[in-house]
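Participant: predicted model follows, preceded by the sequence.
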Amino acid sequence: MKAEKKESYWTRTKRVEADLLEFGVSSGLAKKLVYFYPLGVLERLIKATDKRQPGEPATYFLNGLKKSRMKHGLKRGPIGDEDT
């Protein structure tokens, strides 16, 4: 069995940004989403959005992202003193 060559992080990042721009998400928001969310999550949501082919793909994608965040929760907490 051949081991598939894993794409580089930057290649995946550029592809995700291009897909989001194709959906109608602004370039600034696309960059923020890539910065804040894991690429695997974004790639899965892009694949699901392509599969469903909704009328407004940007809205569908962002709602899916919101629901996945609510379902799995945020892993990062606020930075600062834990006493306060």
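Facilitator: Received it, and whenever you're ready, just let me know what you need.
Participant: need the CA coordinates for the host helix or strand of R44. PDB is fine.
Facilitator: Assigned by DSSP states H and E, R44 falls within helix 39-52. The C-alpha coordinates for helix 39-52 follow below in PDB (Å, rounded to 0.1, in the frame of the first residue of the first chain):
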ATOM      1  CA  LEU A  39      -8.000  23.300   8.500                       C
ATOM      2  CA  GLY A  40      -9.500  19.800   8.800                       C
ATOM      3  CA  VAL A  41     -12.800  21.200  10.100                       C
ATOM      4  CA  LEU A  42     -13.000  23.800   7.400                       C
ATOM      5  CA  GLU A  43     -12.200  21.200   4.700                       C
ATOM      6  CA  ARG A  44     -15.000  18.900   6.000                       C
ATOM      7  CA  LEU A  45     -17.500  21.800   6.000                       C
ATOM      8  CA  ILE A  46     -16.400  22.800   2.400                       C
ATOM      9  CA  LYS A  47     -16.900  19.300   1.200                       C
ATOM     10  CA  ALA A  48     -20.400  19.100   2.800                       C
ATOM     11  CA  THR A  49     -21.300  22.400   1.300                       C
ATOM     12  CA  ASP A  50     -20.200  21.300  -2.200                       C
ATOM     13  CA  LYS A  51     -22.100  18.100  -1.700                       C
ATOM     14  CA  ARG A  52     -25.400  19.800  -0.800                       C
END
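Participant: would you point out which residue is most central in this structure?
Facilitator: Centroid check for the chain by CA atoms, centre = their mean gives L42 as the closest residue, at 2.4 Å.
Participant: does that residue touch L33 like I think?
Facilitator: Yes: with contact defined as CB atoms under 8 Å, L42 counts as touching L33 (6.5 Å). Where you see a C-beta, it was placed from the backbone N, CA and C, and this is true even at glycine.
Participant: any shared contact partners between those two?
Facilitator: L20, L65 (CB atoms under 8 Å, 6 or more residues apart in numbering).
Participant: other residues contacting the helix holding R44?
Facilitator: Contacts for helix 39-52 (CB under 8 Å, 6+ apart): 9, 12-13, 16, 19-20, 23, 33-34, 57, 60-61, 64-65, 68.
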